[in-house]
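Engineer: Here is my input, please return the structure:
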Amino acid sequence: AFVWVDLAQLYTLLGQNNQARQALRIALALAPSERFVVRSAVRFLHHINEEEEALMLLRKNPRTQIDPWLMAAEIAASDLAEKSSRFARIGGAFLEKADIHRYHTSELASALATLEMKAGKHRHSNKLFYESLRVPTQNALAQAVWASKRAGLDAINPELLVKAQASEAITLDLFNRGVWQDVITGAAKWSKEEGFSPRPHILASSVSASLLDRPDQAESIATKGLETNPRNPILLNNKAFAQILQGKITEANKTLSEVDLENTHLRDKICLLATTGLAFFRSGKSEEGRQCYQKAINLANAPEDVGLKTLASLYLAREEVLQGNKEGFKDFKRAYQTAEKLKQTNIPAIAERLVFDIGKEAARQSVPFEMPKETKPVFIEGDFFGPKSKAIVRRR
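Structural biologist: Residues are numbered from 1 along each chain as shown. This is a model prediction of the structure:
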């Protein structure tokens with residue numbers, strides 16, 4: 001069964017998903033209750049966006065109610081499918097009573113901690129995150145690093161990350177600390193370990209374009225990620241964004257045309273609308289660009305979408321300023337003040353990068369321009385580069 005799983009992974013890396021699915025069917029037929037096989041199949045189904053099928057595979061398996069690894073996967077899969085977990089309560093009781101090595105409950109504690117954090121119960125979630133770090137898996141380390149700024153956890157000891165050789169966790173830690181060039185290096189190593197995951201390519205292409213002023217590098221990274229995730233909307237968005245920044249508007253429009261906007265998740269749609277707006281602005285169609293940006297801003301109504309709304313507002317203001325619209329300076333200051341409050345995200349860093357463009361335009365247009373003072377932080381759920389966590393599977 002393990003050999004069939006390995007074959008499925010190779011097929012997935014080649015983008016041959018039908019063959020990968022068939023290999024996993026055989027693996028499941030050979031070992032229907034083996035946790036590695038089940039979790040690998042679930043991870044593949046997440047990869048091809050079959051969230052409901054992944055969840056049903058876990059829920060119908062009789063071992064899920066007694067295996068902490070499968071409980072953790074069910075909790076994560078329920079979150080991805082936007083459904084209530086059937087095993088969260090059982091998992092909590094198991095965590096309190098189980099007399100087994102803490103390594104085997106690490107991901108269960110992490111999954112439960114993430115649920116509590118999203119419910120705003122940070123005190124309890126932090127307790128669970130610390131429990132997950134007693135003898136952590138690489139997944140639990142990565143989740144704790146991801147959550148550290150959002151839930152008020154202490155910074156994870158870098159020595160622990162290095163000792164565990166946890167590339168994902170190390171990369172996310174570098175991102176949290178704003179070491180942008182090292183994020184690119186870390187993401188490259190992470191992508192080699194998880195060849196079919198879009199997340200390292202999403203992170204690295206975003207950082208390259210928005211924070212390192214390297215749109216050429218961003219385009220290359222996003223293109224590489226699209227080899228195994230050809231329909232991923234955020235990779236397509238990041239590629240188009242990088243192309244626009246290089247003045248390759250025709251290529252960017254072609255990239256954006258590959259996205260099925262009507263069947264795209266709302267948060268991804270917000271990003272894509274904003275990038276389409278940028279393409280219109282840079283091709284001289286200001287009114288169409290303005291409309292796209294405004295649609296993106298209007299769609300970002302949920303409290304957790306304040307970061308996306310702020311980013312769209314920042315970039316719209318920059319384009320207005322570049323068009324010679326002096327109201328854009330005021331709009332940018334307002335968006336900048338909001339950005340400065342979002343301390344648990346990368347958005348303040350992006351705002352700082354954009355200040356340079358705005359200041360240069362202010363000097364060129366002889367417009368007085370002074371940035372507002374820093375304001376108090378606001379904590380929201382998620383960030384611009386933080387897609388939902390998936391239950392990554394490695395051989396145990």
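Engineer: contacts, neighbours, all on C-alpha from now
Structural biologist: Fine.
Engineer: and Glu319, how many residues sit next to it?
Structural biologist: Using other C-alpha atoms under 10 Å as the criterion, Glu319 is surrounded by 22 other residues.
Engineer: Tell me how far it lies from Thr264.
Structural biologist: According to C-alpha to C-alpha, to the nearest Å, Glu319 and Thr264 sit 26 Å apart.
Engineer: tally of neighbours for Ala93?
Structural biologist: A total of 11 residues lie near Ala93 under the criterion other C-alpha under 10 Å.
Engineer: could you say what helices and strands the longest helix seen in the chain packs with?
Structural biologist: Identified as the longest helix of the chain according to DSSP state H is helix 347-365. Applying 3 or more C-alpha pairs under 8 Å, 6 or more residues apart in numbering; DSSP states H and E, one finds that helix 347-365 makes contact with helix 306-322, helix 327-341.
Engineer: okay if I get those as TSV plus distance to Lys239?
Structural biologist: As requested, the helices and strands packed on helix 347-365 are exported to TSV (distance: least, C-alpha to C-alpha, whole Å):
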stretch	distance to Lys239
helix 306-322	17
helix 327-341	24
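Engineer: Mean neighbour count, those helices: which tops it?
Structural biologist: helix 306-322 (a mean of 23; mean count of other C-alpha atoms under 10 Å).
Engineer: Dump that one to CSV, restricted to CA.
Structural biologist: Taking Å, rounded to 0.1, in the frame of the first residue of the first chain, the C-alpha atoms of helix 306-322 are listed here in CSV:
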residue,chain,number,x,y,z
VAL,A,306,-10.2,43.7,6.7
GLY,A,307,-6.6,43.0,5.5
LEU,A,308,-7.7,42.3,1.9
LYS,A,309,-9.9,45.5,2.0
THR,A,310,-6.9,47.5,3.3
LEU,A,311,-4.5,46.1,0.6
ALA,A,312,-7.0,46.9,-2.2
SER,A,313,-7.4,50.4,-0.8
LEU,A,314,-3.7,51.0,-0.6
TYR,A,315,-3.1,49.8,-4.2
LEU,A,316,-6.1,51.8,-5.5
ALA,A,317,-4.8,54.9,-3.8
ARG,A,318,-1.4,54.4,-5.3
GLU,A,319,-2.8,54.1,-8.8
GLU,A,320,-4.9,57.2,-8.3
VAL,A,321,-1.8,59.1,-7.2
LEU,A,322,0.1,57.8,-10.3
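Engineer: hmm, who's touching that helix?
Structural biologist: Helix 306-322 is contacted from outside by 267, 270-271, 274, 278, 281, 290, 293, 296-298, 300-301, 326-329, 331-332, 335-336, 338-339, 342, 347, 351, 354, 357-358, 361, 380, 383-384, using C-alpha atoms under 8 Å, 6 or more residues apart in numbering.
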